[in-house]
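**Student:** Need the 3D shape of this:
(chains A, B, C and D)
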Protein chains: 4
Amino acid sequence: MLYFESDYTEGAHPAVLAHLVKTNMEHLSGYGNDRYTESAKEKIRHAIGCPDADVFFLVGGTQTNKTVIASLLRPFEGAITAESGHIAQHEAGAIENSGHKVLPLPAKDGRLDADTLSMYLQRFFTDENHEHMVIPGMVYISHPTEYGTLYSKDGLAALHAVCKAWNLPLYIDGARLGYGIASPSSDMTLSDIAANCDAFYIGGTKVGALCGEAVVFPQKNTSPKGFFTTIKQNGALLAKGRLTGVQFDALFTEDENGEPLYLSISRHAIVCAEKLRAVFREKGYRFHAETPTNQIFVILENGQMERLAKQVTFSYWEPYDDTHTVVRFATSWATDPADIDELRDIL
Amino acid sequence: MLYFESDYTEGAHPAVLAHLVKTNMEHLSGYGNDRYTESAKEKIRHAIGCPDADVFFLVGGTQTNKTVIASLLRPFEGAITAESGHIAQHEAGAIENSGHKVLPLPAKDGRLDADTLSMYLQRFFTDENHEHMVIPGMVYISHPTEYGTLYSKDGLAALHAVCKAWNLPLYIDGARLGYGIASPSSDMTLSDIAANCDAFYIGGTKVGALCGEAVVFPQKNTSPKGFFTTIKQNGALLAKGRLTGVQFDALFTEDENGEPLYLSISRHAIVCAEKLRAVFREKGYRFHAETPTNQIFVILENGQMERLAKQVTFSYWEPYDDTHTVVRFATSWATDPADIDELRDIL
Amino acid sequence: MLYFESDYTEGAHPAVLAHLVKTNMEHLSGYGNDRYTESAKEKIRHAIGCPDADVFFLVGGTQTNKTVIASLLRPFEGAITAESGHIAQHEAGAIENSGHKVLPLPAKDGRLDADTLSMYLQRFFTDENHEHMVIPGMVYISHPTEYGTLYSKDGLAALHAVCKAWNLPLYIDGARLGYGIASPSSDMTLSDIAANCDAFYIGGTKVGALCGEAVVFPQKNTSPKGFFTTIKQNGALLAKGRLTGVQFDALFTEDENGEPLYLSISRHAIVCAEKLRAVFREKGYRFHAETPTNQIFVILENGQMERLAKQVTFSYWEPYDDTHTVVRFATSWATDPADIDELRDIL
Amino acid sequence: MLYFESDYTEGAHPAVLAHLVKTNMEHLSGYGNDRYTESAKEKIRHAIGCPDADVFFLVGGTQTNKTVIASLLRPFEGAITAESGHIAQHEAGAIENSGHKVLPLPAKDGRLDADTLSMYLQRFFTDENHEHMVIPGMVYISHPTEYGTLYSKDGLAALHAVCKAWNLPLYIDGARLGYGIASPSSDMTLSDIAANCDAFYIGGTKVGALCGEAVVFPQKNTSPKGFFTTIKQNGALLAKGRLTGVQFDALFTEDENGEPLYLSISRHAIVCAEKLRAVFREKGYRFHAETPTNQIFVILENGQMERLAKQVTFSYWEPYDDTHTVVRFATSWATDPADIDELRDIL
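**Tutor:** Predicted coordinates:
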């Protein structure tokens, strides 16, 4: 079997696992008060170029989005998102469960546009009845987006400018952030991300960790009041905080070129994705969208889809038409390039 | 340094970690749809003698309590607990955050008494104005309790009988369940626990795992409707469900005597605790409470407490009087018996 | 000034007010335990042909929707609505504040279609990943809709059949129910409404009362468990329950023809609306939608809109194009037919 | 029958009702945008000596407490109250339903003591683990208290000083505020109340109105951000805002001596209560507590209680001992002094 089902079908990257093994019997205090957690935070601050950033480790993505949004909003406020945003579509109502409405805006290729946002806010706040409505209290985007697309540096800066003009924090869901930064199509570094938002998270679960997401408030003293308590209240505080601390400590250890493991393993996924994309192109397949990251959306004829599924794992995405289906092939830090060669022979 | 601070200062039990390492590169589906999760569930069903039990894996204790309670209650209902119960004192408001009032009842040594409960419910439901109040909708207890004490089988059965009489589910917080079952003072097996409640969880974090709690609805078809979705909504669903599945698969692997690792490593902690208790007794120390599990509450003179803290880790508990303090020494599966000998020499 | 701004710009219908005045100094128990509340419930049961219905009085519409929805849903469930539904657009996030996602479906003229609903539910529940999403737990519609349109008896029955097939309660927001029933375009009586849903409310605020909405669970023993307590928890229980009891007692007092005041005053509004519609038609105005109830949506040229606003009150609705605007004229039980004649002269 | 059951068994004070009747057919905009609401706010600002106060009208007490507390707290914060406080005992879980834990402190005669509060806060915030707990975010008191007792001006000022020292808003539940101010035992005016807290509400429901509570943020620009939207979200915004506006406009209309109706009718209740207290004293009855307001707690022998109940209404409070019961007699603006004379003859 060849494996392209998702980017979370294997355990941890070997170096991450090795660090867990090596530190396993050390006596460490709980709840993140341990040296590895501290080291991981410091390495992240360095990697994003923000020495004063506040960094917190949570366990999973839904939980992270719920906790951050609950901390940034007041009860009468909602979170703006692209209509395709993960919080609008795929969180099992976690955001609403914390009392907040999700406010979806039209988007193209998964990206929220600065002009769309600006016009919406302008119209909203000039409506004399707006106090009868849920007040937009923050903006949520994903990078890469749910469609695997990327914001440009200019696009993100423009979005952030609109947010600042309306005094709304901009929060970036970086579940697959590594795959975004490592893409040759990206013109942004981790520092660029940090400089152009008010909060973001660096996804670990899908980029080499067993679990764990690092929430970052890059600017000095801007983490929401009581954020630690809110993490605990949301069930996101590990008693053995070392589990996330040690993993991120490994992920942000730099190699001889000063590159953190997080980025080098992300690049592996991107190189594999480009190779895979070339195979599909060579074989005449159509893409549902042009994506520069580790997710490839391909249109398959239904009969072929079923035949292929016997030899290859991939994800069903959505129907394309009566006889075709969109499916997703994902690469990751764990993808074996040999699998791609083998896939070429099958297609 | 000698380590008695808590039962979650080390990583995973070596056999648990080894299982994680061995399975690390296997391709497994996410969200608990993997063979190790399935195997772990089956082993737990066997260990508790309930072939039809529903088993779910969550990440941490606060999260588990919040999720289970939110699933068992309707909005107008609250959860009865001993006033010392973890949900009344130590969850950072997680239960209230899900909309429910915690209803504390007086308790002795951390145990909720069947008579106390019965009288409260009798008085509550016969009060003609009771519909103006939060309606009790379930009963929460911890075993071992927050004071390290245990329910007897008769005590638990009596409590369960009251719950059944009033149609209230009884839920047991088993964060340290292994240490309770392994205690020679316990007259209950895992099967007895399962037979005398409607829901319970088997704590992994404090008994050998890096993280993870196994929620069990022991009776057939009694798991709350939509529980899987509620887990996700509460941010408690791991994308890499293998992380908990593999760990519990190891913890419930039986040795040649048919005993699961979970219980044999718990017994180690109990043996160490008894040895430690004997040391304190021999040296003339007073205990704050007689506890038969892995937590020992000792009264120290303040000056001595400060001197001791330079060589030994333990947890500050509460002031005893102006010159003495209650501190907690905890053993675990990871306790080195040699540390106890060394401690004797220091005391 | 001529008044067509809304149907809640005057106080109570004179007969309602007279009943409040007449009973004002009677000593009555609080929280709805008074004879007028009991009488009002009995009259409503009679008017809807459901002798076993449970009836509750709440204060306002948003509160009523929030309380009923919170009672019908489990935490992991959401409420399906037409995308134009009041709970999707105009409740200031009240539904989400109680933890539930609103699930909007495409709709035409404000009506949710049985086929649309059926296809959505079919697709949702056959998606193998549906447990990762908010589960539809009920269906919400408004009658009349937010566009002033009406369901036909067949249309409602079809919708109810779909709901029953999927075991979802159907709840009808009847903020303006009287104006719907009294419309000559309606083929439904109050009894038809009651027979084709699981819960509905009879709006008082917009149909002759100072405040108050009557929530009805028409079938025997189907009111949600703990509904009284949930009303109180949602701040919807009046200490002086007489305020709503006396008003609905007046509103459901029958005249010599056996018609409740609630319907006869609604008919007045409808007669006025038809007269007003005829005026607009006669003067060549275009309607934004054909509505058979008490709300008329007219397209005005912007300059004329501003001139008219000096002599007539109406509600701004939405822009039509660059030079025209949709505005709403509403009639009510309080509309003075002479105002319509005067308006004709102005137009 | 003689009526002393509660202070909400009659409708509105005649002058309040007359104002409703007189203004009934005026065309007024909804949601509080009407001249009577504006006038009522202005009169309240005048009565409390705070020209910059923000005033909002809500419908009932539970709703008001829930809305104000939800506006003052962040999700990780709780509300401190006397253990006898209404929010701790009698709100059907409304506060918890909005996500917040109620933090009860020991209290005497219903009053929270500045020293008790100060010591609690000192201990809480110096506990190094306090971030694992619900953080106190505000202080709630009632004046008069649930026991009918009063704070002295010094007592309130001391409490407010502690609150300011810890940066916690102090909120006063004034469900029966009029009866507190009108008591000869009170050394506080409405202005004193306003000067010694951050928010309070002036209860209408129990002091002459059919419904309605006036929330006041006395200091300039201190009302919580988005409070209007939060009111709507909590179902507390009346479409016919006139209902509360007109009533409070009447209640705060001054007589020839410059005294608002609200206070003069409160004084009537207090005079009646003193007369009633004298009757009980004369007849040798024991009081459960010495209360200077409109609620009298008397200890009755159980047999006598049952006999009395045939001729007099009063409220059952709590058992006193095996043969006696505490019952409450309440006076109000509506109490007929002749009833008290008649009661003397019966006792």
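**Student:** show me what contacts A:Tyr151?
**Tutor:** Counting by CB atoms under 8 Å, 6 or more residues apart in numbering or on different chains, A:Tyr151 touches A:111, A:141, A:143, A:145, A:159, A:188. For glycine as for every other residue, the C-beta is placed from the backbone atoms N, C-alpha and C.
**Student:** got those residues as a markdown table, with distance to chain B, secondary structure and pLDDT columns?
**Tutor:** What follows is the contacts of A:Tyr151, written out as a markdown table (distance: CB to the nearest CB, whole Å; DSSP: H, G, I helix; E, B strand; the rest coil; pLDDT from 0 to 100):
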| residue | distance to chain B | secondary structure | pLDDT |
| --- | --- | --- | --- |
| A:Arg111 | 24 | strand | 97 |
| A:Ile141 | 20 | strand | 98 |
| A:His143 | 18 | coil | 98 |
| A:Thr145 | 18 | coil | 96 |
| A:Leu159 | 26 | helix | 98 |
| A:Met188 | 25 | coil | 97 |
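**Student:** Out of those residues, which comes closest to C:Tyr262?
**Tutor:** C:Tyr262 lies nearest to A:Ile141 out of the contacts of A:Tyr151, by CB to CB, at 49.7 Å.
**Student:** Counting neighbours, what do you get for the closest one?
**Tutor:** 27 (other CB atoms under 10 Å in any protein chain shown).
**Student:** Please apply the same query to A:Pro51.
**Tutor:** 9.
**Student:** Quickly note the distance from it to A:Arg45.
**Tutor:** From A:Pro51 over to A:Arg45 the distance is 6 Å, taken as CB to CB, to the nearest Å.
**Student:** Now render the contacts of A:Tyr151 as a markdown table, adding distance to chain D.
**Tutor:** Putting those into a markdown table (distance: CB to the nearest CB, whole Å) gives the following:
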| residue | distance to chain D |
| --- | --- |
| A:Arg111 | 29 |
| A:Ile141 | 23 |
| A:His143 | 26 |
| A:Thr145 | 28 |
| A:Leu159 | 24 |
| A:Met188 | 32 |
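**Student:** and the gap between A:Asp255 and C:Phe287?
**Tutor:** 70 Å.
**Student:** Can you pick out the residue with more neighbours from these two?
**Tutor:** Set A:Asp255 next to C:Phe287 and count neighbours by other CB under 10 Å: C:Phe287 wins out with 14 against 10.
**Student:** for chain A, what spans make up the helices?
**Tutor:** A:14-23, A:35-48, A:61-72, A:86-89, A:94-97, A:114-126, A:153-165, A:177-181, A:190-195, A:227-233, A:242-251, A:261-282, A:302-308, A:337-346 (DSSP state H).
**Student:** Neighbours of A:Asp154, how many?
**Tutor:** Neighbour tally, A:Asp154, other CB under 10 Å: 12.
**Student:** mind listing what the residue of the stretch 101-250 of chain A found nearest chain B touches?
**Tutor:** For the stretch 101-250 of chain A and chain B, the shortest gap (CB to the nearest CB) falls at A:Gly235, measuring 2.6 Å. A:Gly235 sits next to A:63, B:59-60, B:62-64, B:66-67, B:94, B:234-236 when contact means CB under 8 Å, 6+ apart.
**Student:** Tell me the pLDDT of it.
**Tutor:** pLDDT recorded at A:Gly235 is 97.
**Student:** Which residue is the nearest non-sequential neighbour of it?
**Tutor:** B:Gln63 (2.6 Å; CB to CB, 6 or more residues apart in numbering or on different chains).
**Student:** wouldn't the one you found be in contact with B:Leu237 here?
**Tutor:** No. B:Gln63 lies out of contact with B:Leu237 (CB atoms under 8 Å); the separation is 10.3 Å.
**Student:** if we can go back for a sec, of the helices of chain A, which is nearest A:Ala330?
**Tutor:** helix A:261-282 (8.1 Å).
**Student:** sorry, back to before: in JSON lines, list the helices of chain A along with distance to D:Glu131.
**Tutor:** Listed next are the helices of chain A as JSON lines, based on distance: least, CB to CB, whole Å:
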{"stretch": "helix A:14-23", "distance to D:Glu131": "25"}
{"stretch": "helix A:35-48", "distance to D:Glu131": "15"}
{"stretch": "helix A:61-72", "distance to D:Glu131": "14"}
{"stretch": "helix A:86-89", "distance to D:Glu131": "27"}
{"stretch": "helix A:94-97", "distance to D:Glu131": "23"}
{"stretch": "helix A:114-126", "distance to D:Glu131": "35"}
{"stretch": "helix A:153-165", "distance to D:Glu131": "29"}
{"stretch": "helix A:177-181", "distance to D:Glu131": "28"}
{"stretch": "helix A:190-195", "distance to D:Glu131": "25"}
{"stretch": "helix A:227-233", "distance to D:Glu131": "5"}
{"stretch": "helix A:242-251", "distance to D:Glu131": "17"}
{"stretch": "helix A:261-282", "distance to D:Glu131": "28"}
{"stretch": "helix A:302-308", "distance to D:Glu131": "51"}
{"stretch": "helix A:337-346", "distance to D:Glu131": "47"}
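**Student:** From chain D, how far out is A:Gly61?
**Tutor:** 20 Å (CB to the nearest CB, to the nearest Å).
**Student:** Run a quick check on that residue versus B:Ala239, I expect a contact.
**Tutor:** Yes. Counting by CB under 8 Å, A:Gly61 sits close enough to B:Ala239 to count as a contact (7.3 Å).
**Student:** who touches both of those two?
**Tutor:** Joint contacts of A:Gly61 and B:Ala239 (CB under 8 Å, 6+ apart) are A:Thr205.
**Student:** do you know how far the residue located most distally from the centre of chain A is from A:Asn167?
**Tutor:** Distance from the centre of chain A peaks at A:Glu128, with 36.7 Å (CA atoms, centre = their mean). Distance, A:Glu128 to A:Asn167, by CB to CB: 20 Å.
**Student:** same question, A:His19
**Tutor:** 41 Å.
**Student:** Comparing the two, which shows the higher neighbour count?
**Tutor:** A:His19 (21 against 7).
**Student:** which residue sits closest to the more buried one, ignoring its sequence neighbours?
**Tutor:** A:Ala250 (4.0 Å).
**Student:** if I look at the one you found, how far off is chain D?
**Tutor:** In this view, A:Ala250 and chain D are 27 Å apart by CB to the nearest CB.
**Student:** how about the residues of the stretch 101-250 of chain A near chain C?
**Tutor:** Listed as neighbours of chain C in the stretch 101-250 of chain A under the rule CB under 8 Å from any CB of the partner chain: A:101-102, A:132-134.
**Student:** Let's see that with 7 Å instead.
**Tutor:** Neighbours of chain C within the stretch 101-250 of chain A, by CB under 7 Å from any CB of the partner chain: A:101, A:132-134.
**Student:** tell me, how many neighbours does the spatially closest residue to A:Gly110 that is not a sequence neighbour end up with?
**Tutor:** Distances taken as CB to CB, 6+ apart place A:Thr145 nearest to A:Gly110, at 3.1 Å, with adjacent residues excluded. Neighbour count of A:Thr145, defined by other CB under 10 Å: 25.
**Student:** Up against chain D, what does chain A have?
**Tutor:** Proximity of chain A to chain D, by CB under 7 Å from any CB, involves residues A:70, A:74-77, A:99, A:131-132, A:135, A:225-226, A:228-230, A:232-233.
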